[in-house]
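Q: build me a structure from this.
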Amino acid sequence: MSDEDDGIEITVQMTRGTSTDDRDKIKASVSAATVDELDAKMQQVQERLERWADDLREIQPTQRRGIDDDQATLGEEGSA
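A: Numbers count the residues shown, from 1 in each chain. Just a heads-up that it's a prediction; the model follows:
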């Protein structure tokens, strides 16, 4: 058996939301030599993914798209 055959690898993809503007995806791959090592690494990755998912939830599409309210018209500021 080669070294590549001795390892275990798992890939996890989490998706939050269902619509185009409300969908976040996080993908992580973890590899280890044993199931116990993989279990410990997955626990660490899960905790980190949960923090990252919380951070992503705070970023709302309406905050990133479109123009600012003060740029909603073609007039210049201060002109009447």
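
Q: residues in contact with the longest helix anywhere in the chain: which ones?
A: The longest helix of the chain (DSSP state H) is helix 35-58. If you take Cβ atoms under 8 Å, 6 or more residues apart in numbering as the criterion, helix 35-58 is touched by 8, 10, 12, 14, 16, 24, 26, 28, 30-32. For the C-beta atoms, the positions are set from N, CA and C on the backbone; glycine is no exception.

Q: low-confidence ranges, the protein, go.
A: For the chain, applying pLDDT under 70 flags the ranges 1-6, 21-22, 60-80.

Q: repeat that with 80
A: Applying pLDDT under 80 to the chain flags the ranges 1-6, 14-24, 56-80.

Q: helix or strand: which one has residue 30?
A: Assessed by DSSP states H and E, residue 30 sits inside strand 24-32.

Q: what packs against that strand?
A: For strand 24-32, the elements it packs on are strand 8-16, helix 35-58, judged by 3 or more Cβ pairs under 8 Å, 6 or more residues apart in numbering; DSSP states H and E.
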